[in-house]
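>>> Sequence plus predicted model, see below.
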Amino acid sequence: MKKKLVSMLLVMALAMMTVFAGCGSDKKENEGGGKIAAVSKDDIKVGVIHITDPAEGSGYTYTHDLGIQGMQKNLGLKDSQIVRKNSVGDSDPAAIRAAMEECIEEGCQIIFATSWGHMDTCEALAAEHPDVIFSHGTGYKSNGTNFNNYFGRIYQARYLAGIAAGLKTQTNKIGYVAAQGKDNSEVTGGLDAFAMGVYSVNPDAEVYVKVTGSWYDPEGEGAAADALIALGCDVLGQHCDTPNPMTAAEEKGVWGVGYNSDMSKDAPKAVLTSVVWDWSVYYTTAVKSVIDGTWTGANYFGGMSDGLVGITALSDFCAEGTAEKVAEAKAKIESGDWDVFWGVIETNEGTTVGEEGKSLDDATITGGINWYFKNVVEK
């Protein structure tokens with residue numbers, strides 16, 4: 001009996017060791033690139049960190065929240081399954097961490113962080129919480145498991161908008177309000193694509209850029225727009241959060257191209273078209289992959305062919321022939337045989353980038369465009 005008891009205890013001990021070893025192994029695999037477990041549709045909770053308040057009704061945060069609403073509708077989620085943290089500025093790491101930790105405490109399995117400055121906190125928390133997914137918009141960092149980045153080929157839509165601006169201008173001076181300078185490839189690449197669209201239909205036009213130095217600066221964006229109009233710019237483009245450049249254009253009797261959402265509602269007499277996102281395309285795919293257990297941790301860089309980016313309907317005061325030129329360029333891009341950053345490209349410093357018969361690769365487009373196209377003037 002004693003021998004049998006000892007044998008039974010030994011077997012039980014070995015079994016317990018196997019269980020604990022298995023638990024430790026699972027955790028290690030998850031931290032180092034393992035699979036994220038599926039979550040049922042009824043149990044999924046989605047967190048979203050907004051840099052401003054969607055209630056503003058236009059611009060960047062508003063557009064991201066439309067994407068979250070679209071995802072919720074597409075997947076049939078309840079309001080209680082969406083946890084929003086609004087007005088989380090991207091220059092306050094403590095506030096960003098607190099907002100994300102609140103999402104975790106409320107049971108979120110995936111958290112979308114929408115602004116550039118949220119990136120480093122996502123990276124840190126992803127290491128601390130290997131079972132929570134952190135999906136970061138606009139950035140470049142990722143770990144291939146529970147931390148990825150997502151953005152889109154917005155430059156494709158900006159090129160089309162540049163065509164509308166280039167055909168409309170009468171002074172051959174087009175303004176552009178930019179949130180960041182040359183060191184930020186997201187903003188600079190978009191500006192260059194816009195300027196290249198302008199050049200494709202109007203080689204005599206120049207694009208004047210003023211940088212606010214902030215992603216969200218309502219007063220600064222309006223002031224930059226006024227300064228560009230004072231320089232003689234009669235069409236404005238923008239890469240900034242508010243519709244203030246468009247309302248400034250309408251007040252001064254000139255035209256503009258909106259960004260993020262359809263800004264014709266803000267400046268109906270000025271907006272030729274708007275460069276827009278449908279973020280629900282990515283948000284729906286990402287959340288569904290968590291529900292299905294197919295999340296891979298891969299980064300996402302969608303384009304016009306996905307329906308992620310595009311332009312709104314052209315206004316009836318666009319220049320004659322605009323629709324035809326835009327449709328022609330759109331067809332070329334969507335064919336896959338040509339893209340905006342194709343061939344040898346001249347900069348405004350007299351240098352060149354790119355190669356004949358090739359497009360810039362995605363890594364360069366997302367992180368290496370730190371130059372301005374040849375018709376861009378810095379102001």
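Looks like it came in fine. Residues are numbered from 1 along each chain as shown.

>>> could you pull out the helices for this structure?
Chain-ordered helices for the chain, with DSSP state H as the definition, fall at 2-31, 59-75, 93-105, 119-128, 154-168, 185-201, 218-230, 244-251, 280-292, 322-335, 362-367.

>>> out of those, nearest to residue 270?
When those are compared by C-beta to C-beta, helix 244-251 sits nearest residue 270, at 3.8 Å. (Glycine included, C-beta is placed from N, CA and C.)

>>> Just list what the closest one packs against, helices and strands only.
Identification of packing neighbours for helix 244-251 by 3 or more C-beta pairs under 8 Å, 6 or more residues apart in numbering; DSSP states H and E yields helix 218-230, strand 235-239, strand 255-260.

>>> what's the angle between the first one and helix 244-251?
Between the direction of helix 218-230 and that of helix 244-251, the angle (axes from the mean of the first three to the mean of the last three C-alpha atoms, to 10 degrees) works out to 40 degrees.

>>> Of all the residues in helix 218-230, which ones are buried?
Residues of helix 218-230 classed as buried: 218, 220-229 (neighbour count, 16 or more other C-beta atoms under 10 Å).

>>> could I get the helices and strands packed on helix 244-251 as a markdown table with mean pLDDT?
Below are the helices and strands packed on helix 244-251 laid out as a markdown table (pLDDT from 0 to 100):
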| stretch | mean pLDDT |
| --- | --- |
| helix 218-230 | 98 |
| strand 235-239 | 98 |
| strand 255-260 | 98 |
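
>>> Export those as CSV, with columns for distance to residue 50.
Shown next, in CSV, are these (distance: least, C-beta to C-beta, whole Å):
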stretch, distance to residue 50
helix 218-230, 16
strand 235-239, 18
strand 255-260, 13
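
>>> quick revisit: just the buried residues of helix 218-230 now: which is nearest residue 329?
Looking across the buried residues of helix 218-230 and measuring by C-beta to C-beta, the closest to residue 329 is residue 228, at 24.8 Å.

>>> what about stretch 244-260, start to end distance?
Start-to-end span of stretch 244-260 (C-alpha to C-alpha, to the nearest Å) is 13 Å.

>>> Work out the gap between that stretch and the centre of the chain.
22 Å (C-alpha atoms, centre = their mean, to the nearest Å).

>>> tell me which residues of it are tucked away?
244-250, 252, 254-260.

>>> swap in stretch 165-181?
Applying 16+ other C-beta under 10 Å to stretch 165-181 flags 165-169, 172-180 as buried.

>>> Between those, which sits nearest residue 282?
Set against residue 282, the nearest of the buried residues of stretch 165-181 by C-beta to C-beta is residue 179 (21.1 Å).

>>> where in the stretch 151-300 of the chain is pLDDT low?
In the prediction, the stretch 151-300 of the chain carries no residues with pLDDT under 70.

>>> Show the contacting residues for residue 347.
For residue 347, the contacting residues are 353, 371-374, by C-beta atoms under 8 Å, 6 or more residues apart in numbering.

>>> redo that, cut-off 6 Å
residue 371 (C-beta atoms under 6 Å, 6 or more residues apart in numbering).

>>> ok, so what distance separates it from residue 375?
10 Å (C-beta to C-beta, to the nearest Å).

>>> Also residue 70?
36 Å.

>>> Show me which of these two is the more surrounded one.
A direct count of neighbours by other C-beta atoms under 10 Å for residue 70 and residue 375 places residue 375 higher, at 22 against 16.

>>> Distance of the more buried one relative to residue 261?
27 Å.

>>> cool, and residue 110?
In this view, residue 110 and residue 261 are 24 Å apart by C-beta to C-beta.

>>> Then residue 223?
Plainly put, residue 223 is 22 Å away from residue 261 if you go by C-beta to C-beta.

>>> Kindly report the same for residue 122.
25 Å.

>>> and these two? which has more neighbours close in?
Using other C-beta under 10 Å, the more surrounded residue of residue 122 and residue 261 is residue 122, with 29 against 23.

>>> how's the chain carved up into domains?
46-151+280-305, 154-277+308-378 (automatic domain parsing).

>>> closest to residue 35 out of these?
Closest to residue 35 of the domains of the chain, according to C-beta to C-beta: domain 46-151+280-305, at 7.5 Å.

>>> quick one: terminal-to-terminal distance for the closest one?
End-to-end distance of domain 46-151+280-305 (C-alpha to C-alpha): 26 Å.

>>> Can you name the residues that contact residue 189?
By C-beta under 6 Å, 6+ apart, the residues touching residue 189 are 155, 365, 369.

>>> can you tell me how far the residue lying closest to residue 224 once chain neighbours are set aside sits from residue 99?
Ranked by C-beta to C-beta, 6 or more residues apart in numbering and with sequence neighbours excluded, the top spatial neighbour of residue 224 is residue 210, at 4.1 Å. Counting by C-beta to C-beta, the gap from residue 210 to residue 99 is 31 Å.

>>> Give me the more crowded residue out of those two.
Comparing residue 210 with residue 99 by other C-beta under 10 Å, the one with more neighbours is residue 99, at 24 against 21.

>>> What sits closest to the more buried one if chain neighbours are left out?
Nearest non-adjacent residue to residue 99, counting by C-beta to C-beta, 6+ apart: residue 85, 3.9 Å away.

>>> Can you check the pLDDT for the one you found?
Per-residue confidence (pLDDT) for residue 85: 98.
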